[in-house]
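Colleague: got a structure for you, letters missing:
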């Protein structure tokens, strides 16, 4: 993890050099710049590791550990020195009321660290040279590391489960409808151990498929790709005579092998399986050597990597995890073969299979362990309840297969992956929260200057998804309104990968999960994670800790809890939304390195919080979401305008105050959960980069018309996403009295709009329908009311996602050329809606949750009509939430 440590050090020095609130006393800047240059040089050396194929070199890995430890210790020295000077200067300005009255600029002197800086520079230079030498030696050893793949073929075993995907791929390979008769490449993609090789072998040996081809070859490629070895294996399986020649030592040159490909495949219908492919170049190189016989030849590729599957494939199949029934069938087959399972073991057996979370490799490994023991109910029950080590032992046995996915990651992604382990097992991780935490941690920097740090981190998450390491739980409603492509809204890890994460994180001192009072923590743990008992966890934190993060999960803790943050003086991230705080933790104000803070707290925010000059994310939620009315809502301290680094501000039920000095928040992108009173022209003009705004309304208690004319101000700002929620909607009645009318001139660049609880008449939606750039529209809790909605002609020209939830809508008609770009339609709790417009053109999906049965029947009838006409129709999901 040296690479992440170097990036963190660089960012620490950059903040020190560039901060407007820190003044470096000469010649401090000269000293610290020398360390920065050495860190830059070291970073370039570490990047070379990604191009080295032999990443199992023990000496290289040991040097990486040594470099990481040296860099982290030096960063501790710098930040400890900075924190000490911060506290020293601020304690000198302590007033009578024990409230910090801080100086506006912190004066920092680094000359006393000159010896440490010189030692770091010399040490790291020596390590860098040794690291480069070892990489060069590793490259020379690579030529002998690739094993021969002549006659390579996966181990044949009976496939259990995935019968639907088997039939789908089988029909694709046997497809006779291709009018061009070209060869077709089909890709199977999925995480390690999900059964890609078994499925590919089953297809390879299938009689229907094998009888269709003149010749076949099954080649295991692996990470260490060599075209020469691939060609030897393919030719040996295609032609027995060539196999004998190869065994006798003939055809050794790559040129000879390439020359043999065309005549041996000319005029033949061939089927080639390339198993476990890690490089785009494999299929790219092989395709150039294969003749296009126009006879429906096929190439099947299995891979863990989406970008490999996307490399000019004709079809991509994402292999899914097994469901509960398939998992039990596989476990039962592996333990009992064709014999029936005893009735007394069946209940426990099904639970054991379920604990494997649908991963075939884990199920097979658990089954092997069960087969080696007595098949007794007591033992199986203990395995099912995880009271013995069987599941853990099985995880350990398959670790080598899983580890290659982590090992193959580029340097900049390894820290991102390990960070996923700070969350509890099977935790649903919010993409937006994860990206905020990654930014606050500071272990990454954009590879290219054309990307913002936010977009780069989001792309990093998508890369982990595309490498089959992270599972997407819920997809985002839109991708277009950002400058990058991302589909993930919430995600998580399979349990086997979560355990891999925690093992590697603990090994590298990257993070530590505090699971009991007995285990405790060590001073060198970089991140501390609390998954269970918060009370015991705080007692186990080491007296002096260099941890940069404290992340609290687990059950919500609503009673007073002593929090001792003075032990964590170098903290950057404090995430404690699961802990209700009755008083603001004043020791937080001494954490000068803090970049992210998120507690649950009902009181007022102290003005001295503004002295956290590095703070980027300030998130404070209220206990049980109890919010004051607009008339009694509190204001943040005026000093909030001095927090120039803020990117995200969310303090539920509080307002931004006006600042008589005219200060601005130049980096604030997101402002959430504010009352309409602070959405004035004067305030919003001081947030020039604001892109996302969330407003809470109290319609029952606030009758001030000015606060309800929110679009008059918001529509004049270049805000891309707006969410407005009525907290206390006016009770429904026959006569609907909506708030002030929607503005007739909204910002045409608005991309996402979410409304909840306002009760506007459907006629008013025409003012939204004309927004040419609107991509997402979410209407919740009677945002619009009335029995009939007639969508005008050519309305919602760019809309991609439409959600209607809790509506009294009965009849919905669509005009000419409406919703021409709509991809997803979701209807929830629309009990009165009888049907959706037949003229709607929806590209991807229709989801109906707790809707009228006639509306569901209407959609399914439309789907059947289109199927009979051989036309595409979006996927339909209709279900009850109960």
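Modeller: Structure's in. What do you need? Just so you know, these numbers come straight off a predicted model, no measurement behind them.

Colleague: and residue 655, how far is that from residue 637?
Modeller: Residue 655 sits 11 Å away from residue 637, going by CB to CB, to the nearest Å. Any C-beta I mention is one placed from the backbone N, CA and C, and that applies to glycine too.

Colleague: ok, now residue 80?
Modeller: Separation of residue 80 from residue 637 (CB to CB): 29 Å.

Colleague: next one: phi and psi at residue 877?
Modeller: Note on residue 877: its backbone torsions stand at phi -120, psi 110 [degrees, to the nearest 10].

Colleague: Please name the bridge partners of it.
Modeller: Note on residue 877: beta-bridge partners by DSSP bridges are residue 847.

Colleague: low-confidence ranges in the stretch 501-650 of the chain?
Modeller: Scanning the stretch 501-650 of the chain for pLDDT under 70 picks out the ranges 516-523, 535-536, 542-544, 625-633.

Colleague: where do the helices sit along it?
Modeller: 534-539 (DSSP state H, counting those that start in this stretch).

Colleague: Model confidence score at the nearest residue to residue 9 once chain neighbours are set aside, please.
Modeller: Of all residues not flanking residue 9 in the chain, residue 75 sits nearest, at 4.7 Å (CB to CB, 6 or more residues apart in numbering). At residue 75, the model reports a pLDDT of 95.

Colleague: same question, residue 335
Modeller: pLDDT, residue 335: 94.

Colleague: That one falls within a helix, correct?
Modeller: Yes. Counting by DSSP: H, G, I helix; E, B strand; the rest coil, residue 335 falls inside a helix.

Colleague: Run through the residues that contact it.
Modeller: 341, 349, 367, 370, 371, 375 (CB atoms under 8 Å, 6 or more residues apart in numbering).

Colleague: The third one: how many residues sit nearby?
Modeller: What it means is residue 367. 22 (other CB atoms under 10 Å).

Colleague: In helices only, show me the contacts of residue 335.
Modeller: 349, 367, 370, 371 (DSSP state H).

Colleague: pLDDT wise, what is the second one at?
Modeller: Looking back up the chat, that one is residue 367. On the pLDDT scale, residue 367 gets 95.

Colleague: how near is the spatially closest residue to it that is not a sequence neighbour to residue 121?
Modeller: The shortest distance from residue 367 to any non-neighbouring residue, by CB to CB, 6+ apart, is to residue 334 (3.4 Å). Distance, residue 334 to residue 121, using CB to CB: 58 Å.

Colleague: Those two: who's more crowded?
Modeller: residue 334 (20 against 17).

Colleague: from memory the more buried one sits against residue 362, does it?
Modeller: No. Counting by CB atoms under 8 Å, residue 334 does not reach residue 362; the two are 11.5 Å apart.

Colleague: circling back: just put the contacts of residue 335 in TSV and tack on distance to residue 287.
Modeller: Formatted as TSV, these follow (distance: CB to CB, whole Å):
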residue	distance to residue 287
341	47
349	46
367	39
370	44
371	43
375	50
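
Colleague: out of the residues you listed, which one sits closest to residue 688?
Modeller: Of all the contacts of residue 335, residue 688 sits closest to residue 367, with 60.9 Å by CB to CB.

Colleague: how close does the closest one sit to residue 575?
Modeller: 39 Å.

Colleague: Residue 226 too?
Modeller: Distance of residue 226 to residue 575, given as CB to CB: 46 Å.

Colleague: So which of those two has more stuff around it?
Modeller: More neighbours surround residue 575 than the other of residue 226 and residue 575, with 24 against 20 (other CB under 10 Å).

Colleague: Who are the contact partners of that one?
Modeller: Contact partners of residue 575, counting by CB under 8 Å, 6+ apart, are 437, 549, 550, 551, 552, 596, 597, 598.

Colleague: what does residue 369 give?
Modeller: 390, 393, 394.

Colleague: Same check on residue 9?
Modeller: 35, 39, 71, 74, 75, 78.

Colleague: just residue 487 next, same as before
Modeller: Residue 487 makes contact with 462, 472, 475, 476, 479, according to CB under 8 Å, 6+ apart.

Colleague: what does the model give residue 483 for pLDDT?
Modeller: 39.

Colleague: can you give me the helices for the stretch 301-450 of the chain?
Modeller: 306-309, 324-336, 343-355, 360-371, 377-384, 390-397, 399-407, 411-419, 431-441.

Colleague: So which of these is nearest residue 583?
Modeller: Set against residue 583 and scored by CB to CB, the helices of the stretch 301-450 of the chain come closest in helix 431-441, at 24.0 Å.

Colleague: Residue 672 reaches residue 691, doesn't it?
Modeller: No. Between residue 672 and residue 691 there is no contact under CB under 8 Å: 11.7 Å.

Colleague: Name the residues that touch stretch 280-290?
Modeller: Stretch 280-290 is touched from outside by 183, 185, 221, 225, 227, 230-231, 234, 258, 261-262, 265, 270, 272, 274, 277, 297, 299, 301, 307-308, 311-312, with contacts defined as CB under 8 Å, 6+ apart.

Colleague: redo that, cut-off 10 Å
Modeller: For stretch 280-290, the surrounding residues in contact (CB atoms under 10 Å, 6 or more residues apart in numbering) are 183, 185, 187, 219, 221, 225-227, 230-231, 234, 257-262, 265-266, 270, 272, 274, 277, 279, 297, 299, 301, 303, 305, 307-313.

Colleague: re the thing from before, only the buried subset of the contacts of residue 335, as a ChimeraX command please.
Modeller: Command for ChimeraX that selects the buried part of those, burial taken from 16 or more other CB atoms under 10 Å:
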select :341,349,367,370
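
Colleague: on that earlier part again, which of the contacts of stretch 280-290 fall in strands?
Modeller: 185, 187, 219, 221, 270, 272, 274, 277, 299, 301, 303 (DSSP state E).

Colleague: Having no further points to raise, I will conclude here.
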